[in-house]
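1. Got a predicted model here, sequence first, then my questions.
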Amino acid sequence: MSAPADQYREQFRRPSRLLLLMEGRALADAFGMVPMFVLRRHLPQGDGHPVLVLPGFLASSKSTVPLRRLLGELGYAAHRWKLGYNTGYSRELHDGMRARVLELHQRYQRRVSLVGWSLGGVFVRELARETPEAVRLVITMGSPFRGNPRASNVQKLYEMFSDTQYDEMPADFLTQLATPPPVPTTALYTKGDGVVAWQSTTEKSPRTDVENIHVGGAHMGLGFNPRAVVAIADRLAQTEGRWRPFQPNWYLKWFYRNYYPDWLVGRGKQD
């Protein structure tokens, strides 16, 4: 495969070392998950449809237990991916993920909502692109699907494990990754991301069923982040076929503001 075009190499810069060091904030996000179980009665309740949650790079389904447990208590059939640790793309992993989506779709006779954390979010977008008849909606959390594939602080680590190397990604493949799948799609991101460039985790599409929601916090804490949990619960509770943009209640709008100064996260725009 040919190397990516220069525009993909230079579009975004990797996060600073300071932001990477600040990923320790993930502990605060994890503790923030505790009150979400107490406040779950105030979150939108589910309709029982299946939700498949995929972990991030080098993580297993253990990392998604708190989120899946909460979704289960909200009334969803929340499931793990059953594929061990996420060590990067391989054909075997691709086939396993696709089979898992189709198995849940057939079992429940309903479309499956896909939630992916970091690299898991890149995967769910492609699964939805490949099997749109089986997918209800897609939610990504800090997933680098757009722009320079090297705008990451885990680039070398990824290449040690994955069958896919950054320099082997052709421009047309990167364009496909950046194009949202043909189902309603929500990208949760944080400008304080210390692992991947936050711009690469946001959508750029004129479609009315595609959106970005800034949830703040650390990249490694997104699966526990209370703002992310509230947004996920809201997105999943929508009636199928009646998608609407996320609009937090007036008393929660301050919760979703960006409090990161430009000197810390850079001046890159969301688009």
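-> In hand now; what should we look at? What you see is a predicted model; the values in this text were computed from it and never measured. Residues are numbered from 1 along each chain as shown.

2. quick one, helices of the stretch 101-250 of the chain?
-> Counting by DSSP state H, counting those that start in this stretch, one finds helices in the stretch 101-250 of the chain at the ranges 119-130, 155-161, 171-178, 226-236.

3. Take those and write them to CSV, including mean neighbour count and mean pLDDT.
-> Where you see a C-beta, it was placed from the backbone N, CA and C, and this is true even at glycine. Shown next, in CSV, are the helices of the stretch 101-250 of the chain (neighbours: other Cβ atoms under 10 Å; pLDDT from 0 to 100):
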stretch, mean neighbour count, mean pLDDT
helix 119-130, 23, 97
helix 155-161, 14, 87
helix 171-178, 16, 85
helix 226-236, 23, 97
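
4. Tabulate those (JSON lines), appending distance to V265.
-> Shown next, in JSON lines, are these (distance: least, Cβ to Cβ, whole Å):
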{"stretch": "helix 119-130", "distance to V265": "20"}
{"stretch": "helix 155-161", "distance to V265": "19"}
{"stretch": "helix 171-178", "distance to V265": "21"}
{"stretch": "helix 226-236", "distance to V265": "17"}
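
5. Minimum distance to N212: which of those helices has it?
-> Nearest to N212 among the helices of the stretch 101-250 of the chain is helix 226-236; the distance by Cβ to Cβ comes to 10.7 Å.

6. What is the closest one packed up against?
-> With contacts taken as 3 or more Cβ pairs under 8 Å, 6 or more residues apart in numbering; DSSP states H and E, helix 226-236 sits against helix 34-38, helix 65-73, strand 135-141, strand 185-189.

7. how about the first one: buried residues?
-> Just to be clear, that refers to helix 34-38. M36 (16 or more other Cβ atoms under 10 Å).

8. now it, how far from the centre of its chain.
-> Counting by Cα atoms, centre = their mean, to the nearest Å, helix 34-38 is centred 21 Å from the centre of its parent chain.

9. Now do that helix: which elements does it pack against?
-> Packing partners of helix 34-38 (3+ Cβ pairs under 8 Å, 6+ apart): helix 65-73, helix 226-236.

10. in the stretch 151-271 of the chain, which segments are predicted with low confidence?
-> 166-167, 267-271 (pLDDT under 70).

11. thinking again about what came up before, any chance of TSV for the helices and strands packed on helix 34-38, columns distance to P182?
-> Below are the helices and strands packed on helix 34-38 laid out as TSV (distance: least, Cβ to Cβ, whole Å):
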stretch	distance to P182
helix 65-73	24
helix 226-236	17
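
12. of all those, which lies closest to A218?
-> Within the helices and strands packed on helix 34-38, the stretch nearest A218 is helix 226-236; the backing value is 11.1 Å (Cβ to Cβ).

13. ok, then the element right after the closest one?
-> Downstream of helix 226-236, the first helix or strand assigned by DSSP states H and E is helix 262-265.
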